[in-house]
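Undergrad: got a structure for you, letters missing:
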């Protein structure tokens, strides 16, 4: 009883720290990475042990100095704002994103003292639906934050945001249905396990092999859900100053920014789980490696679990970096182009993908 | 679920439902309704309906209510009801509240008097995706197809209503 | 385990609140939301009875209610916007052009 509760608490803590640390790490990748892409120096105003390294990595600047500055700034509530909803806006933005991680498995089973621990915070048999439900709720942070500040820019950003997120949610859900059809389950851990198999004994049976189009649709819709360039019309810096969080400052604005980065991690974690073999390392089973050709390498169980978790984190990081690369490479869409892409391109593609997948599955028996 | 949890949830549900009805600001009303729907989803989980709970949040809280908020913001509605309230109708309002109270009390008293036997433990997988899907696509296949036609009609109707007529 | 009758009583209270909302509010969107509240109160009854009877049918009906509610919300809100275009009000008393 108490052991179970303790295990659940530790698992939640591990997952939460994993998510938050990835989120914070992305802050640095974004600042320095964008500088690299644009051939700038980037954040280099603060440093300790200056001179040990010939160049400034900007870690102190982006991860310590800037957050301290953000969280100690004055919290301005504009006149005419709805104080209650202005206060709740950032929380409503960040809470649904963080609880999504509960359904994402970050490893296989860890055996400690004869007790099998499933490395997933919440074992839900409707895992994917739970994730979609929570990502659907994240729109309220945008809508209420924009409305509560009583500013025209914010309101426009909120209206844009609500329409955009609702539109792309449909494409996102339909993009996932192909993968659900292939694996025949909504349980994310079961999907992760199914990807441990191989096709013809060589190719790892990851979701992307079966569902390349589904992955593409999911990724595009996912980037649109994070409201970043090229889909950043709710923020639209050049036209709406900062969109729905124009009137937020200090720690509340930091919370909004954090929810944005956490969404990137969520999209990457889901893409990893569904399309890139979750925590699977190719040819690694619970007792060690089984390479094609009969060569096997036995490994202790703890090593296997550590490798699995590391593989999951690595894949998520790569996908996160890819999203940041996209953000700094593409220009912003116009609003009608955004709606066209969602409704006239992604939605029909997703429907065709579902239909073709279903036909193939029926024909293949 | 214990009775303490039930009463906490029930109290929260009644408070948020009352907020929907009495709050003069439509946006706050809508947010209270979102809270009500979310709490109902929690009730569904306790009743073993996991799939329905997830759908409740996706469809109601995630889609329908966003649509409501979108329309409220698009029309930029404010507390315009305060003015309408001053124009009489006080008697009607009091009567409506009394009538509603009587209705709730009657129904609740009636239901609480029925001695339901304790429900049997549900079979494994009850309320999960598989059991709901089996019922939906086997026993209720025809109604399911009919609802898809209903949705199609709704889409067409909405487009017709929403388009601006060139005049 | 909480008895089914408690759930039924709760849903009766929620339904009554929704019904009062339809009667006393004049903002047509809020009236609409009160109707959604009534639908949801009934959904709670369905799910409670599904558990009581040990069958899944009640939950399937809830699925249909949700579908109808979604269709209704889409059409209803489109009607409200169309009406708002002709007369900039959402007060149900002022939208009485068709009444004799």
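TA: Nice, I can see it. Just so it is clear, the model here is predicted, and its values are computed rather than measured.

Undergrad: Show me which positions of the longest helix that chain C contains end up buried.
TA: Ordering each helix of chain C by length in residues (DSSP state H) puts helix C:57-86 first. Applying a neighbour-count criterion of 16 or more other Cβ atoms under 10 Å in any protein chain shown, the buried positions in helix C:57-86 are C:58-64, C:66-67, C:69-81, C:83-84. Any C-beta I mention is one placed from the backbone N, CA and C, and that applies to glycine too.

Undergrad: Report whether that helix contacts chain A.
TA: No: if you take Cβ under 8 Å from any Cβ of the partner chain as the test, helix C:57-86 misses chain A, and the best it gets is 11.5 Å.

Undergrad: helices or strands up against that helix?
TA: helix B:50-55, helix B:65-74, helix B:129-134, helix B:141-162, helix C:28-53 (3 or more Cβ pairs under 8 Å, 6 or more residues apart in numbering or on different chains; DSSP states H and E).

Undergrad: right, so those: which one is the most enclosed?
TA: Comparing the helices and strands packed on helix C:57-86 by mean neighbour count (mean count of other Cβ atoms under 10 Å in any protein chain shown), helix B:50-55 comes out on top with a mean of 26.

Undergrad: Not counting that helix itself, show me its contacts.
TA: The contact list for helix B:50-55 (Cβ atoms under 8 Å, 6 or more residues apart in numbering or on different chains) reads A:124-126, A:129-130, A:132-133, B:41-42, B:44-45, B:127-129, B:131-132, C:47, C:59, C:62-63, C:66.

Undergrad: quick revisit: what angle separates the longest helix of chain C from helix B:141-162?
TA: 10 degrees (axes from the mean of the first three to the mean of the last three Cα atoms, to 10 degrees).

Undergrad: so where is chain B shaky, pLDDT-wise?
TA: B:1, B:77-88, B:164-167 (pLDDT under 70).

Undergrad: hmm, try it at 80
TA: B:1-2, B:74-92, B:116-128, B:162-167 (pLDDT under 80).

Undergrad: What residues does it have near chain A?
TA: Counting by Cβ under 8 Å from any Cβ, chain B sits next to chain A at B:27-28, B:31, B:34, B:38, B:50-51, B:54-55, B:57-58, B:61-63, B:66-67, B:69-70, B:73-74, B:76, B:125, B:128-129.

Undergrad: ok, the closest residue to chain A within chain C - contacts?
TA: Residue of chain C nearest chain A, by Cβ to the nearest Cβ: residue C:74 (11.5 Å). Going by Cβ under 8 Å, 6+ apart, residue C:74 touches B:67, B:154, B:155, B:157, B:158.

Undergrad: Need the max-distance pair from the residues you listed.
TA: Using Cβ to Cβ, the pair of those lying farthest apart is B:67 and B:157, separated by 14.6 Å.

Undergrad: tell me the centre residue of the chain?
TA: In the absence of a named chain, chain A is used. residue A:266 (2.0 Å; Cα atoms, centre = their mean).

Undergrad: meant chain B actually
TA: Geometric middle of chain B (Cα atoms, centre = their mean) lands on residue B:37, at 5.5 Å.

Undergrad: what about the residue lying farthest from the centre of chain A, is that helix, strand or coil?
TA: Distance from the C-alpha centroid of chain A, by Cα atoms, centre = their mean, peaks at residue A:294 (37.1 Å). The local conformation at residue A:294, judged by DSSP: H, G, I helix; E, B strand; the rest coil, is coil.
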